[in-house]
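[1] my questions concern the predicted model and sequence given below.
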Amino acid sequence: SQQGEEDPQALSIQEGENATMNCSYKTSINNLQWYRQNSGRGLVHLILIRSNEREKHSGRLRVTLDTSKKSSSLLITASRAADTASYFCATPTHEFYFGSGTKLNVKP
Amino acid sequence: DGGITQSPKYLFRKEGQNVTLSCEQNLNHDAMYWYRQDPGQGLRLIYYSQIVNDFQKGDIAEGYSVSREKKESFPLTVTSAQKNPTAFYLCASSIVGAYTEAFFGQGTRLTVV
């Protein structure tokens, strides 16, 4: 399948620190997306980066994409306790496949 | 307000019973999806549909069935053939196209008692 795989599986940081999580995928893509899931809730779309883009910013989020390495990274700067959630990447084609996610814990 | 609604939020089922989970969207999206999520795990695709009266199996379709009689609705039936149905079920929808995002409902937590 087209699913991406996120790493690390879990990440624990202090408020104010930056959080970086990675996504690797196997096949060619036309875009890669990052989603966030608060505990017990649905996923929420964060950001989409196209295959011809290398970097994209949205507020405190920075996404990079390296198609030669088939990998992407999501950086959350100046993290807050409210950023505590699971983060997933997706490389959609006709459907959306998600990996196992990175569980981020931001300690106040 | 546009959105995607799943009901009920919590559902209890006795072993051997079929149960149907509801998913309705008013976003005018052609594509709809069902996922299963086990505790601490990622999402696994059960079924998806890109057009009314048509749907495809995902990775874990066994023990589940769906219908797509209306664009707005994509109900999921968990049948008695599903051996371990206790899980969190998520429904999503999207526009069909290359650069679209998925919109998710708030999920239904199914527990077999």
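    Noted; the coordinates are in hand. Being a predicted model, the structure only gives us computed values, none of them experimental.

[2] got the phi/psi numbers for the residue most central in space within chain B?
    The centroid of chain B falls nearest to B:Trp34 when counting by CA atoms, centre = their mean (3.0 Å). Main-chain torsions, B:Trp34, degrees, to the nearest 10: phi -120, psi 130.

[3] what does the one 4 residues further on give?
    The phi/psi pair for B:Asp38 (degrees, to the nearest 10) reads phi -90, psi 160.

[4] doesn't B:Ala87 make contact with it?
    Yes. Assessed by CB atoms under 8 Å, B:Asp38 is found in contact with B:Ala87 at 5.3 Å. Yep, even glycine has a C-beta here, placed from its N, CA and C like the rest.

[5] excluding sequence neighbours, find me the nearest residue to the residue nearest to the centre of chain B.
    Once flanking residues are discounted, B:Trp34 sits nearest to B:Ile46: 4.3 Å by CB to CB, 6 or more residues apart in numbering or on different chains.

[6] the one you found: neighbouring residues, count only.
    25 (other CB atoms under 10 Å in any protein chain shown).

[7] could you do B:Glu69 as well?
    If we define neighbours as other CB under 10 Å, then B:Glu69 has 10 of them.

[8] list the contacts for it?
    By CB atoms under 8 Å, 6 or more residues apart in numbering or on different chains, the contact list for B:Glu69 reads B:52-53.

[9] one more pass at 7 Å, please.
    By CB atoms under 7 Å, 6 or more residues apart in numbering or on different chains, B:Glu69 lies in contact with B:Asn53.

[10] where does the residue nearest to B:Trp34 sit: helix, strand or coil?
    strand (DSSP: H, G, I helix; E, B strand; the rest coil).

[11] pLDDT value on it, please?
    If you check B:Ile46, the pLDDT there is 97.

[12] I figured it hits B:Ser65, correct?
    No. Taking CB atoms under 7 Å as the definition, B:Ile46 is not a contact partner of B:Ser65, at 9.8 Å.

[13] near chain A, which residues of chain B are found?
    Neighbours of chain A within chain B, by CB under 7 Å from any CB of the partner chain: B:33, B:41-43, B:45, B:48, B:50, B:59, B:90, B:92, B:98-99, B:101-102, B:104-107.

[14] mind redoing it with 8 Å?
    B:31, B:33, B:35, B:40-43, B:45, B:48, B:50, B:56, B:58-59, B:88, B:90, B:92, B:94, B:98-107, B:109 (CB under 8 Å from any CB of the partner chain).
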